[in-house]
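> Predicted model follows, preceded by the sequence.
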Amino acid sequence: MADMLAGSVLITGCNRGLGLEMIRQLVTSSTPPRVVIGTCRKPDEALQTTYCKETAPDETSLNLKRLAKVQQIGSQNQIYTEFLALESNVVDYKSLPGLVEEVGAAVGPQGLNLLINNAGIMDKCSSQMFGIPLEHLEPHTFSNVMETNTTAPLMLVKEMLPLLRKAATVGGAIGVRRAAVVNISSIMGSMVVSRIVRKACDVSCTVRKVCDVNCTVSKAALNMLTKILAMNFGDEGLMFVAIHPGWVQTDMGTSSGMITTQESISRIFKTLPTLMEKHNGLLVSYDGTVMPW
Ligand code: NDP
């Protein structure tokens with residue numbers, strides 16, 4: 001990453017997968033943000049666990065503990081980055097005021113520049129890579145996914161708004177270096193693209209008619225949320241974008257994913273600083289392509 005992404009960054013779901021890779025790339029960057037905050041359900045445990053359960057953790061695998069060490073070495077040499085791992089279950093809304101206090105203390109009077117809503121879930125049944133056949137779908141499965149992938153990001157934005165507004169008042173061009181929310185979404189939430197992807201899948205899938213509510217309905221709602229927030233708060237200097245990370249090799253994306261976490265995140269971090277006012281409320285792919293709704 002050649003240029004600094006933002007002064008302060010808060011990322012949810014950072015103990016594995018894409019979230020952990022974001023932390024790794026930020027903390028080891030030659031121009032790291034002033035403050036990097038990663039949240040996860042069990043930070044103490046995450047400080048010891050490996051980064052992806054499925055893709056063969058070995059001695060080269062990364063964990064938050066090692067990242068914390070890298071960060072310390074970096075800060076002793078020449079760069080000072082504050083790296084905090086904070087506890088947060090994104091659907092535990094009662095804990096949000098406490099989280100806001102901790103984040104506010106870490107970012108200081110400059111406020112929070114960038115919130116990345118990354119934590120997400122996908123329920124699937126054992127016979128399907130993605131989705132659940134309709135006859136096996138339970139109401140709680142649907143609502144759990146909607147809550148984690150859609151309600152929780154909205155509630156976090158609501159609580160973090162004062163800190164984002166603080167950062168926005170500093171001024172400058174609209175973008176991630178000023179005040180922005182990046183919602184990690186999926187092209188499967190795009191009505192246009194999901195139809196094309198589904199058609200391609202139908203050619204190769206033997207079992208069809210799965211109700212893939214996980215990748216589709218919750219992310220479509222997240223995309224609309226991104227749009228609505230951009231429309232409501234864009235005039236205050238805040239940017240909201242939905243990012244499709246690609247089909248990535250993580251526990252969720254499985255080892256069949258097309259790209260690694262390293263590739264996905266390095267391209268996302270190259271794309272984010274290029275986004276400006278005209279991108280507010282859009283769905284953008286990891287490589288910078290604007291995707292249709
Ligand atoms: P993983 O399953 O590897 O990681 C998901 C992360 O979300 C974990 O850190 C998990 O924490 C966290 N999480 C889930 N529920 C909660 C919760 N209630 N509170 C706090 N943290 C929670 O998935 P990815 O890294 O692949 O996915 C990251 C994002 O990217 C998701 O939003 C996903 O929908 C999106 N995405 C991924 C794609 C892919 O191909 N991988 C494609 C399109 C979108 P814990 O360990 O505690 O469960």
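Structure's in. What do you need?
> Now do the stretch of helix or strand residue 37 belongs to: which elements does it pack against?
Taking DSSP states H and E as the definition, one finds residue 37 inside strand 35-40. Judged by 3 or more Cβ pairs under 8 Å, 6 or more residues apart in numbering; DSSP states H and E, strand 35-40 is in contact with strand 8-12, helix 17-27, strand 82-87, helix 96-107. Glycine gets a C-beta too; all of them are placed from N, C-alpha and C.
> For residue 192, find the nearest of these.
Nearest of those to residue 192, taken as Cβ to Cβ: helix 17-27 at 23.8 Å.
> Look up how far residue 17 lies from residue 261.
Residue 261 sits 7 Å away from residue 17, going by Cβ to Cβ, to the nearest Å.
> sorry, back to before: want to try JSON lines for the helices and strands packed on strand 35-40, with mean neighbour count, distance to residue 134 and mean pLDDT as columns?
Compiled in JSON lines, these are given as follows (neighbours: other Cβ atoms under 10 Å; distance: least, Cβ to Cβ, whole Å; pLDDT from 0 to 100):
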{"stretch": "strand 8-12", "mean neighbour count": "25", "distance to residue 134": "30", "mean pLDDT": "97"}
{"stretch": "helix 17-27", "mean neighbour count": "25", "distance to residue 134": "28", "mean pLDDT": "92"}
{"stretch": "strand 82-87", "mean neighbour count": "18", "distance to residue 134": "36", "mean pLDDT": "87"}
{"stretch": "helix 96-107", "mean neighbour count": "16", "distance to residue 134": "34", "mean pLDDT": "96"}
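> of all the ones you listed, which lies closest to the ligand?
Checking those against the ligand by Cβ to the nearest ligand atom gives helix 17-27 as the closest, at 2.3 Å.
> pLDDT below threshold where in the chain?
For the chain, the stretches flagged by pLDDT under 70 are 1-2, 46-80, 124-131, 195-215.
> Spatially central residue for it, please.
Centrality entry for the chain: nearest residue to the mean C-alpha point is residue 118, 2.2 Å, by Cα atoms, centre = their mean.
> quick one: that residue and the ligand, what's the gap?
5 Å (Cβ to the nearest ligand atom, to the nearest Å).
> ditto for residue 120
Using Cβ to the nearest ligand atom, we find residue 120 at a distance of 2 Å from the ligand.
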